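1. Any chance you can model this:
(one chain, ligands or ions: 1)
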Amino acid sequence: MITALEQIVADNLARVRERIAAAEARYGRPAGSVALLAVSKVQSAERVAAAYGAGQTTFGESYVQEALDKQAALMDLPLQWHFIGRVQTNKTRAIAGRFDWVHGLCDLKHARRLGAQRPKGSDPLSVCVQVNLSGEASKAGVNPAAVGALLDACRAIDGITLQGLMTLPAPADDLTAQRRPFAALRALRDRLATPELSLATLSMGMTADLEAAIAEGATMVRIGTAIFGPRPAARPR
Ligand SMILES: *Cc1c(COP(=O)(O)O)cnc(C)c1O
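-> Residues are numbered from 1 along each chain as shown. Model (predicted):
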């Protein structure tokens, strides 16, 4: 017996997988080259379990305490957790201990803390540097001109491994406008990649713009609404 909620989440996931496959085909990307991160922030553990039941194993969370509660509730499932929110200094120990990836690294001090606080014996924490391509000071992310220096400094840090770049552009309606920041992230990655540091991951694309991101080379799209429905206004307790 599968519940109504499990059915809805499974149907939504199937539609998202179809969108990804269609965009891969349309834009000449190899089938299966774009990973799907299910963004479960503000959604219940029950919904995460439903997505797991439909074959999804990687989940993105933005709020540390909420994520820890959900992880505890879902301890028996073999899930991989990605932290996609703003890294705060007083949360680095929990992030280093309980997550597999961090997508929004913006600060060398945080990188040092995450590396030092990564439990010994764990694989290094996978990290993407977040790039601010809109130039808005209020938005998180590193200025493109400063990304190279941050990457250089991070390379020496034990306990983290640099996977690539992430961006979260301002919403735009049409495909051409949506593609612009994603193309810029890819160009930046191509300029900064070296044989020793391939920066293979481009974490970009959400519910509204995943096709544009895949057109420009996304390797991981972060999808919440299309899988779980609109987010409840308040965080679940
Ligand atoms: C919430 C969030 C998403 C998912 O957005 P949707 O539009 O619901 O798909 C992706 N990335 C980040 C960083 C987010 O905070």
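2. For burial, what's the neighbour tally of D11?
-> 11 (other C-beta atoms under 10 Å). For every residue, glycine as well, the C-beta is placed using N, CA and C.
3. got the CA positions of the helix or strand hosting it in PDB?
-> Assigned by DSSP states H and E, D11 falls within helix 4-26. Extracted C-alpha coordinates of helix 4-26, given in PDB (Å, rounded to 0.1, in the frame of the first residue of the first chain):
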ATOM      1  CA  ALA A   4      -1.500   9.500  -1.200                       C
ATOM      2  CA  LEU A   5       1.500  11.500  -0.200                       C
ATOM      3  CA  GLU A   6       4.000   8.900  -1.400                       C
ATOM      4  CA  GLN A   7       2.100   8.800  -4.700                       C
ATOM      5  CA  ILE A   8       2.200  12.600  -5.200                       C
ATOM      6  CA  VAL A   9       5.900  12.800  -4.400                       C
ATOM      7  CA  ALA A  10       6.700   9.800  -6.700                       C
ATOM      8  CA  ASP A  11       4.700  11.400  -9.500                       C
ATOM      9  CA  ASN A  12       6.400  14.800  -9.000                       C
ATOM     10  CA  LEU A  13       9.900  13.100  -9.000                       C
ATOM     11  CA  ALA A  14       9.100  11.300 -12.200                       C
ATOM     12  CA  ARG A  15       8.100  14.500 -13.800                       C
ATOM     13  CA  VAL A  16      11.300  16.200 -12.700                       C
ATOM     14  CA  ARG A  17      13.400  13.300 -13.900                       C
ATOM     15  CA  GLU A  18      11.600  13.600 -17.300                       C
ATOM     16  CA  ARG A  19      12.400  17.400 -17.400                       C
ATOM     17  CA  ILE A  20      16.100  16.700 -16.700                       C
ATOM     18  CA  ALA A  21      16.300  13.900 -19.300                       C
ATOM     19  CA  ALA A  22      14.500  16.100 -21.900                       C
ATOM     20  CA  ALA A  23      16.900  19.000 -21.300                       C
ATOM     21  CA  GLU A  24      19.900  16.700 -21.500                       C
ATOM     22  CA  ALA A  25      18.700  15.400 -24.800                       C
ATOM     23  CA  ARG A  26      17.800  18.900 -26.200                       C
END
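4. what's next to the helix or strand just after that helix, contact-wise?
-> Note on helix 4-26: by DSSP H and E, the next helix or strand toward the C-terminus is strand 35-39. Applying C-beta atoms under 8 Å, 6 or more residues apart in numbering, the external contacts of strand 35-39 come out as 13, 16-17, 20, 48, 51, 56, 58-62, 82, 84, 203, 206, 219-224, 227-228.
5. show me what contacts the residue of the chain found nearest the ligand?
-> When scored by C-beta to the nearest ligand atom, the chain has G224 as its residue closest to the ligand, at 2.9 Å. Contact partners of G224, counting by C-beta under 8 Å, 6+ apart, are A38, V39, S40, K41, Q43, G60, M206, T207, R231.
6. Nothing else from me, thank you.
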